[in-house]
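K.L.:
give me coordinates for this.
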Amino acid sequence: MSRPVFLIVLLFTLLLGRVVLGAAQPQDSIDGEWVGAFELGEDLVYVRVQFKTEAQGIKLTVISMTPGTPGTVADARLEWNRIHFELSGTPEKLVFEGELQGNDVRGAVGRAGKRGTFQLVRTAQVDPKVYDQYAGAYELERDKIIFIRRRDVLKEDPPYSMARSWLYYLDESGRMGILYPSSETSFFSGPTYAVPVPVELRVRFIRDRGGHVNGLVWHKSDLPEMFAKRSKLYREEEVHFANRDIAFAGRLLVPATKGPHPAVVLATGWRATNRNSPLDALADVLARHGIAALVYDKRGTGASGGDWRKSSFLRSLADDVLAALQYLRSRKDINPGQVGVFGSSWTAVVTSLAASRSKDVAFMIIVSAPGLSLGERYLMGLERYLRANGFSEEDIRDAVAFANLEVEFSRTGEGWEKLEAAADRVRTRKWFSHTWTVTLGAGSKDHWFWREQRRSSVDDHPVSLLKKVTCPVLAVYGESDSLVPPADNKALVEKGLREGGNKDYTIKMFPKGEHGLWQVEASGAAGAKTYVSGYLETMTEWLIKRVDVPR
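P.N.:
Numbers count the residues shown, from 1 in each chain. Now for the predicted structure:
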């Protein structure tokens, strides 16, 4: 064989070999849970999906999407590590084309002629009980603390079992982020609270020889790794107390300084909420500043007895707050004359009721507190939401008329047949999904919501309650709150405190703050990453001026 012919045959053989070898290489597995985001123009959307290989092919399930609707199931196609899937349920179909490389998928997304990018990162499955071992404070350097906490979402129906848990961090500037697991000890976080990509932070927890978590490695992008030891600024204690025949369990954070300490009871939220709530890291902030803080499992959740849906909507929960307060006052390490309460949103009404009924409440902090009743807020909020989202005037008129029937039944317990008949007529209308009947699942006249609303009296109106609150009060609002708009509620709260003769109240408004005092971003909910500037400082400084903090 001549040399030129030999080289041609050799080259052909090598090329054929590469094709054969390439075809023989197994493609990466896509199965598992993935988190990520995509951008289309100014839209930033967080997604959490699951891929599962079945006999019929690969199925994709949207577990959550912000903004968006979870529950979508779609087919996915994976060929030579190229992934293709499409998501409906939006005004236009979203088409994704990307490449799978190990634990990373990234590529292009398109919708109605617009093009953008997406990225997904595979997450590990971790037992939520492990999160409890990591929760606490860590000192990156002097006067720079990172708080790590667990967040639980519970199912709405008894026995209120766990729906989902995750780990998150909060630093003292107010910056927060979910820590997504890449293994049982290693986690990652992204540019906003929920959006994990591009990865900007990696955290690895360290154990001592005895297996106890004694620190973590904190690695932000483009910066050296930092070791943070577990802080001893305060200790964590499991506590128990009772309200009559119902036993409660909770977590008490006690400063390391010599007591007795001032203390705060953080009231539990509306619906099913345990101690691992969105507010539990605020207990860390307070304890770090020398103020003991108690968070507890709402009745019927976690390790607490009873059932919140079978008790008075406000009064029993206010009694629970007072029971927690009396427990703290009984402890030798707590100053009995300096125990107050904290409530956010609807729970601010619970704490207001508690403070109106007891002179033992030393102070009250309320965040995004309603001045309107629940029915008033519902009617105004529904109309504003529908108008802001482009519903017709006819739709808005019909929706408000139906909502008025709901509010009337919730107040009186009369007119169910009329409400039920109206629901049958309008249940195919698009606005119907935004009503109490649907959002609360209150399709029966015996539903807990209607029952508990009827148990609430006219005296439980926020303004009436605040007229009876004489302790120092801090009321905080976000200027961009759409759930409890300050324009409708702030002046009423101030009216109640002023007309009641309260001598020490402070009302603070924060620009760009939304309902939870997160800073509003142009990219919407998925772009939120921090509490509004000054919120944490305002709360701690206001409180420290009114209590004795041991040094």
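
K.L.:
name whatever forms a beta bridge with Val254.
P.N.:
Arg235 (DSSP bridges).

K.L.:
for it, give me its contacts.
P.N.:
By C-beta atoms under 8 Å, 6 or more residues apart in numbering, the contact set of Val254 is Tyr234, Arg235, Glu236, Glu237, His261, Ala287, Ala292, Asp333. All C-beta spots, glycine's among them, are computed from the backbone N, C-alpha and C.

K.L.:
by neighbours, which of these wins?
P.N.:
Neighbour counts for those peak at Ala292, which has 27 neighbours (criterion: other C-beta atoms under 10 Å).

K.L.:
that residue touches Leu266, doesn't it?
P.N.:
No. Contact between Ala292 and Leu266 fails when scored by C-beta atoms under 8 Å: they sit 11.2 Å apart.

K.L.:
now do the buried residues in stretch 464-475.
P.N.:
Using 16 or more other C-beta atoms under 10 Å as the test for burial, stretch 464-475 gives Ser464, Leu465, Leu466, Lys467, Lys468, Val469, Thr470, Cys471, Pro472, Val473, Leu474, Ala475.

K.L.:
same check on stretch 318-333?
P.N.:
Those would be 318-329, 331, 333, for stretch 318-333 by 16+ other C-beta under 10 Å.

K.L.:
closest one to Pro511 out of the residues you listed, please.
P.N.:
Nearest to Pro511 among the buried residues of stretch 318-333, counting by C-beta to C-beta, is Val321 at 30.8 Å.

K.L.:
if I look at that closest one, how far off is Val265?
P.N.:
Distance from Val321 to Val265, counting by C-beta to C-beta, to the nearest Å: 6 Å.

K.L.:
mind listing the shared neighbours of these two?
P.N.:
Shared contacts of Val321 and Val265 (C-beta under 8 Å, 6+ apart): Val341.

K.L.:
now, which of the buried residues of stretch 318-333 lie within helices?
P.N.:
Applying DSSP state H to those, the entries found in helices are Ala318, Asp319, Asp320, Val321, Leu322, Ala323, Ala324, Leu325, Gln326, Tyr327, Leu328, Arg329.

K.L.:
Three-state assignment for the closest residue in space to the fourth one that isn't next to it in sequence, please.
P.N.:
Spelled out, that is Val321. Once flanking residues are discounted, Val321 sits nearest to Ala354: 4.3 Å by C-beta to C-beta, 6 or more residues apart in numbering. Under the three-state scheme (DSSP: H, G, I helix; E, B strand; the rest coil), Ala354 adopts helix.

K.L.:
OK, contacts around Ala354?
P.N.:
Counting by C-beta under 8 Å, 6+ apart, Ala354 makes contact with Ala267, Ala318, Asp319, Val321, Leu322, Leu325, Val341, Val361.

K.L.:
now with 6 Å, please.
P.N.:
By C-beta atoms under 6 Å, 6 or more residues apart in numbering, the contact set of Ala354 is Ala318, Val321, Leu322, Val341.

K.L.:
now do it against Lys490, distance only.
P.N.:
Applying C-beta to C-beta to Ala354 and Lys490 gives a distance of 21 Å.

K.L.:
could you do Pro224 as well?
P.N.:
Counting by C-beta to C-beta, the gap from Pro224 to Lys490 is 46 Å.

K.L.:
which of the two has more neighbours?
P.N.:
Shown here are Pro224 and Lys490; by other C-beta under 10 Å, Lys490 has more neighbours (21 against 7).

K.L.:
surely the more buried one is in a helix?
P.N.:
Yes. The assignment for Lys490, made by three-state DSSP, places it in a helix.

K.L.:
these two touch, right, it and Tyr477?
P.N.:
Yes. Taking C-beta atoms under 6 Å as the definition, Lys490 is a contact partner of Tyr477 at 5.4 Å.

K.L.:
tally of neighbours for Gly337?
P.N.:
The local packing of Gly337 (other C-beta under 10 Å) involves 12 other residues.
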